[in-house]
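*Asks:* no FASTA, just this:
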């Protein structure tokens, strides 16, 4: 039976770390504040917004919701993002995506200042992930994977990690973050030859394809650690991951479940990025940091 890598332990650790930092900010007159920018009333956006607001409230982080009609124009969205970027009372901004079809996603992301980008959507933030720079923050889900591995003391140096998925949200950034920890990374995708064999040969497998229960027992081998980043619904409407948990769990050494795994950590990482951005602003105002350096 595999060890379950539950998100709760990571969430609790992040909360314990953030508590005194938030109090220190408030004592200095800074209320850490997150802006949520949403277009329309998508059910998944609303669900995440409720989760984010609840987590923020539990930590003492303020939230401002900026809601636009689903039919709002490109200019209206960009204006909202410019406003959040220029508001000194907002320390981090989260843009809900995917955006409506008539919105140019790249232009929208570019309208947000990297200093307020707490989910790695701007080019400056992503460039920092790939160059080990200090501007902005990595995507929260990719960072959540790293927090999970750290919390459960999964060794990375010299280990072979198979990352399945090449998105800018998870696959590419988490691969760079793993390389920074001296792991050896194989980035895989739908056209990888013998994908199951590549996964079986790895010490750690990170599955981020968005395909429900794609990874069965033949993708895994004893002793592995498996992170399932997928959030999917099966034909019966049940929440599930990219990994066929019932098939993989008897084989591997440790695995994240869905739900109660990576997804629960992502929101806490977002809050940690808000706090770090607020600390940066305070340091900059005190002359202790140069503008644009967030991490």
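*Replies:* Happy to help now that I have it. Computed from a prediction, not measured in an experiment: that's the story for all the values here.
*Asks:* low-confidence stretches in the stretch 51-200 of the chain?
*Replies:* Of all residues in the stretch 51-200 of the chain, none has pLDDT under 70.
*Asks:* mind listing the helices in it by residue range?
*Replies:* Secondary structure of the stretch 51-200 of the chain by DSSP state H, counting those that start in this stretch: the helices cover 74-86, 105-110, 123-131, 140-151, 171-180, 195-200.
*Asks:* and the angle for the fourth one with helix 171-180?
*Replies:* Between helix 140-151 and helix 171-180, the angle formed by their directions is 30 degrees, by axes from the mean of the first three to the mean of the last three CA atoms, to 10 degrees.
*Asks:* flag every buried residue along helix 140-151.
*Replies:* By neighbour count with 16 or more other CB atoms under 10 Å, helix 140-151 contains the buried residues 140, 141, 142, 143, 144, 145, 146, 147, 148, 149, 151. To be clear about C-beta, it is placed using only N, CA and C from the backbone, and glycine gets the same treatment.
*Asks:* need those residues in CSV (columns: distance to residue 181).
*Replies:* Shown next, in CSV, are those (distance: CB to CB, whole Å):
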residue, distance to residue 181
140, 18
141, 17
142, 13
143, 13
144, 15
145, 11
146, 8
147, 12
148, 13
149, 8
151, 14
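*Asks:* nearest to residue 81 among those?
*Replies:* Among the buried residues of helix 140-151, residue 140 lies closest to residue 81 (CB to CB), at 17.6 Å.
*Asks:* check contacts around the closest one.
*Replies:* 118, 119, 120, 266, 267, 269, 270, 273 (CB atoms under 8 Å, 6 or more residues apart in numbering).
*Asks:* counting neighbours, which of those comes out on top?
*Replies:* In terms of neighbours by other CB atoms under 10 Å, those top out with residue 118 at 29 neighbours.
*Asks:* all strands of the stretch 1-150 of the chain, in order?
*Replies:* Counting by DSSP state E, counting those that start in this stretch, the segments of the stretch 1-150 of the chain that form strands are 3-4, 33-39, 62-68, 92-95.
*Asks:* which stretch among these comes nearest residue 56?
*Replies:* Closest among the strands of the stretch 1-150 of the chain, using CB to CB: strand 62-68, at 4.9 Å.
*Asks:* now the closest one: how far from the chain's centre is it?
*Replies:* Distance of strand 62-68 from its chain centroid, counting by CA atoms, centre = their mean, to the nearest Å, is 19 Å.
*Asks:* stretch 111-120 now?
*Replies:* Distance, centroid of stretch 111-120 to centroid of chain: 14 Å (CA atoms, centre = their mean).
*Asks:* how long is that stretch end to end?
*Replies:* As for stretch 111-120, its first-to-last residue distance stands at 13 Å under the measure CA to CA, to the nearest Å.
*Asks:* try stretch 88-97
*Replies:* With CA to CA, one end of stretch 88-97 sits 24 Å from the other.
*Asks:* and the contacts of that stretch?
*Replies:* Contacts for stretch 88-97 (CB under 8 Å, 6+ apart): 31-39, 42, 45, 48-49, 52, 64, 81, 84-85, 105, 108-109, 112, 116-119, 121, 270, 273-275, 277-278, 281.
*Asks:* if we use 6 Å, what do you get?
*Replies:* If you take CB atoms under 6 Å, 6 or more residues apart in numbering as the criterion, stretch 88-97 is touched by 32-38, 45, 84, 112, 116, 118-119, 273-274, 277-278.
*Asks:* and what of stretch 100-119?
*Replies:* Outside stretch 100-119, the residues that reach it (CB under 6 Å, 6+ apart) are 39, 70, 74, 77-78, 81-82, 85, 92-94, 99, 121-122, 124-125, 135-137, 139-140, 270, 273-274.
*Asks:* for stretch 193-211, same thing?
*Replies:* 159-165, 170-171, 186, 188, 215, 218-219, 221, 225-230, 242-243.
*Asks:* let me see the contact set for residue 52.
*Replies:* Taking CB under 6 Å, 6+ apart, one finds residue 267 in contact with residue 52.
*Asks:* give the buried residues for stretch 156-168.
*Replies:* 156, 159, 161, 162, 163, 164, 165, 166, 167.
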